[in-house]
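1. structure for the following, please:
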Amino acid sequence: MQKKLLNLLTDMHVLTIKSKQEWEKLTNKHLLFSFLQNWEWKEVQERLGNDVNMFGIYNNKRLVAVFLTLKLNLRRGRFLFVPHGPVLHPEISKQKALKTIKHHLLNLAKKEGFGFIRIATTWEQTPDNQKIFSNLGFRTAPIYIHSENACLLNLKNKTENEILMSFRKTTRYLIRKGLRDNVQIEVRKDNSAINAFWKLYLETSRREKFHPYSKKYIEAEFNCFKKSNNAIFILGKPHNAKHYTAGALILFNKNSGFYHQGASIRTKEPVPYLIQWTAIRESIKRKCTYYNFWGVSKKNRHPKNWGGLSLFKQGFGTHTREFLPTQDYIISSRYYLTYIYEKYLGWRR
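-> Residues are numbered from 1 along each chain as shown. You can find the predicted model right below:
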């Protein structure tokens, strides 16, 4: 086995992947804790006007790793960003893969004038994984762009009742109450659902004082994943109510359902709980291994107002997988201006 592994790590090179089929040859075979390395995410970013590259690491013509990379030109700096990647073949050494990725992106950054490389991986937060990055000259970024953990509900080989019984007692009660009270839930795939969700989303952002994604962003996310039947809106309201009081955009890949966007108006009826139960049941139908509630509060990295939402997610019998904090590799001294500005942004959060 060791000889086979050593052979795999020779003659590695990076090529651009232009085929969705080639990309999914690797990603569909692995348990992913994010959708940000899905081919659909490339299409989302292109709709938003961002420059995105799909790179693969090959060993003797065999694809052993992929990493979607964004070229970001932001007010706070110009950098190359790998969101929740790379995705690796289980036989490949993380150290060797990261070294290959760093070498490739460093050449690209120097050629095109980017100030640093940023990688937000879904590798577990362990001393060994941190050492891999540290040994290659990376440092912890001052701020996160995407969630640095995953709040996961394990669905594998479990019945709906077993999953329901794993929830916190209060969560179970509110789901059952919603069912008794005939809370109305709609699973929507039509584009008009975007407007209904958007209205709720804006109201939620004003109440919770967060900066919302643009409507263009929500539309791109929904429409790009919908093309492969991997996006639904779930909207809900109290029985006989005229207007929706809660909604969620749920995305899917081969192994997980993801609660990525949510919105609600505060009411006495437990509509958000029924929305999540509906999303979990949809994930079970799709034979997903996990339902992923996305991120929960992480000390010194996330805003304090994440507390209530985190408590809500944790009531569904979840466990948290902590990712390694986002890592930066400095290329230009301009990075330090970005660092100072992002430390300020982190403080404001």
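2. contacting residues around the residue lying closest to Lys189 once chain neighbours are set aside?
-> In this structure, Lys189 finds its nearest non-sequential neighbour in Ile232, 5.8 Å apart by C-beta to C-beta, 6 or more residues apart in numbering. Backbone N, C-alpha and C define where each C-beta goes, glycine included. Residues in contact with Ile232, defined by C-beta atoms under 8 Å, 6 or more residues apart in numbering, are Val187, Arg188, Lys189, Leu249, Ile250, Glu282.
3. again with Leu152
-> Leu152 neighbours (C-beta under 8 Å, 6+ apart): Phe33, Tyr290, Tyr291, Asn292, Phe293, Thr318, His319, Thr320, Arg321.
4. any quick PyMOL command for the buried ones out of the residues you listed?
-> Applying 16 or more other C-beta atoms under 10 Å to the contacts of Leu152 leaves a buried subset, and the PyMOL line that selects it is:
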select buried, resi 33+290+291+292+293+318+320
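5. adding pLDDT, write the contacts of Leu152 out as a markdown table.
-> Shown next, in a markdown table, are the contacts of Leu152 (pLDDT from 0 to 100):
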| residue | pLDDT |
| --- | --- |
| Phe33 | 94 |
| Tyr290 | 97 |
| Tyr291 | 98 |
| Asn292 | 97 |
| Phe293 | 96 |
| Thr318 | 96 |
| His319 | 95 |
| Thr320 | 95 |
| Arg321 | 95 |
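6. filter the contacts of Leu152 down to the ones in strands?
-> Counting by DSSP state E, the contacts of Leu152 place Tyr290, Tyr291, Asn292, His319, Thr320, Arg321 in strands.
7. so Phe116 touches Gln327, yeah?
-> No. Look at Phe116 against Gln327 with C-beta atoms under 8 Å: they stay out of range, at 10.3 Å.
8. CA atoms of the helix or strand harbouring Ser310 as CSV?
-> Ser310 is located in helix 307-314, with elements delineated by DSSP states H and E. The C-alpha trace of helix 307-314 is given here as CSV (Å, rounded to 0.1, in the frame of the first residue of the first chain):
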residue,chain,number,x,y,z
GLY,A,307,-25.9,32.8,19.4
GLY,A,308,-29.7,32.5,19.0
LEU,A,309,-29.4,31.0,15.5
SER,A,310,-26.7,28.6,16.7
LEU,A,311,-29.0,27.4,19.6
PHE,A,312,-31.8,26.8,17.1
LYS,A,313,-29.6,24.7,14.8
GLN,A,314,-28.1,22.7,17.7
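9. same for it, what does it pack against?
-> Identification of packing neighbours for helix 307-314 by 3 or more C-beta pairs under 8 Å, 6 or more residues apart in numbering; DSSP states H and E yields strand 149-154.
10. show me which residues of stretch 72-90 are buried.
-> 72, 77-89.
11. going by distance to Ile194, which of those residues wins?
-> Using C-beta to C-beta, Pro83 comes nearest to Ile194 of the buried residues of stretch 72-90, at 23.1 Å.
12. so for the residue nearest to that closest one when sequence neighbours are not counted, what pLDDT did the model give?
-> Nearest residue to Pro83 in three dimensions, chain neighbours excluded: Leu36, at 4.2 Å (C-beta to C-beta, 6+ apart). On the pLDDT scale, Leu36 is placed at 97.
13. surely Leu36 meets Thr69?
-> No. At 11.3 Å, Leu36 and Thr69 do not qualify as touching, with contact defined as C-beta under 8 Å.
14. on that earlier part again, could you export the buried residues of stretch 72-90 as TSV, including secondary structure?
-> TSV is the format used below for these (DSSP: H, G, I helix; E, B strand; the rest coil):
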residue	secondary structure
Leu72	strand
Gly77	strand
Arg78	strand
Phe79	strand
Leu80	strand
Phe81	strand
Val82	strand
Pro83	strand
His84	coil
Gly85	coil
Pro86	coil
Val87	strand
Leu88	strand
His89	coil
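15. now do the phi/psi pair for Asn253.
-> Asn253 adopts backbone torsions of phi -130, psi -160, taken as degrees, to the nearest 10.
16. these two touch, right, it and Gln37?
-> No. Asn253 is not in contact with Gln37 according to C-beta under 8 Å; the separation is 9.1 Å.
17. okay, and the common contacts of these two?
-> By C-beta under 8 Å, 6+ apart, Asn253 and Gln37 have these common neighbours: Thr27.
18. got the residue ranges for the strands in the stretch 201-349 of the chain?
-> Assigned by DSSP state E, counting those that start in this stretch, the strands in the stretch 201-349 of the chain fall at 231-237, 246-252, 256-264, 290-292, 319-322, 327-330.
19. compare these and give me the one nearest Ile175.
-> Comparing the strands of the stretch 201-349 of the chain by C-beta to C-beta, strand 231-237 comes nearest, at 12.0 Å.
20. hey, C-alpha coordinates of the closest one in CSV?
-> Below are the C-alpha coordinates for strand 231-237, written out as CSV (Å, rounded to 0.1, in the frame of the first residue of the first chain):
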residue,chain,number,x,y,z
ALA,A,231,-32.2,23.7,-5.1
ILE,A,232,-35.5,24.3,-3.5
PHE,A,233,-37.2,27.1,-1.5
ILE,A,234,-39.3,26.1,1.5
LEU,A,235,-41.8,28.7,2.5
GLY,A,236,-44.2,28.6,5.5
LYS,A,237,-47.0,30.5,7.3
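21. right, I'll leave it there.
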